[in-house]
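# Test case, fold it:
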Amino acid sequence: MDWYLKVLKNYVGFSGRARRTEYWMFTLFSVIISLVLMLIEYLVGLPQSLSSLYSLAVLLPSLGVSVRRLHDVGKSGWWLLLGLIPLIGAIILLVFFCQDSESDNNYGPNPKAEGRALV
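Numbering: from 1, shown residues only. Modelled structure (predicted):
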């Protein structure tokens, strides 16, 4: 949960780097929250208002952590536009998001380096 809150606190931070753990934990919690909201909407008989509001609320944090994750593997944030290409773009981005961190690069020091706070 700390990783999720860390991303929300840095919601417009597009510079720097994000570890795999930070990206995937944020994604996991976002999916779980979205599913719970959709279940509540279904059970109560509401239109998709809660899940739509949540998706809108986490749009900037999602973009920010995605760009920082791309920075961590040595790619520019503009690579995120590959997601606009149906299927192929999503597969390429998935590969980038799953790659291990590079050592120090143009976007900053390696966040996995020893002596740095992990949380």
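# all contacts plus neighbour counts: C-alpha atoms, from now on.
Fine.
# Show me what the helix-or-strand element of the chain with minimal mean pLDDT is packed up against.
Across the helices and strands of the chain, mean confidence by mean pLDDT, DSSP states H and E is lowest for helix 2-9: a mean of 90. Here helix 2-9 touches helix 20-44, helix 59-72, going by 3 or more CA pairs under 8 Å, 6 or more residues apart in numbering; DSSP states H and E.
# helices and strands around the longest one, which ones?
Which is helix 20-44. Applying 3+ CA pairs under 8 Å, 6+ apart, we find helix 20-44 packed against helix 2-9, helix 49-57, helix 59-72.
# how close does residue 72 get to residue 92?
Residue 72 is 15 Å from residue 92, where distance means CA to CA, to the nearest Å.
# Those two: which is more packed in?
Neighbour tally, residue 72 and residue 92, criterion other CA atoms under 10 Å: the higher count belongs to residue 72, 30 against 15.
# Test for you: state the pLDDT assigned to the closest residue to the more buried one other than its chain neighbours.
For residue 72, ignoring the flanking residues on the chain, the nearest one in space by CA to CA, 6 or more residues apart in numbering is residue 17 at 4.8 Å. According to the prediction, residue 17 has pLDDT 92.
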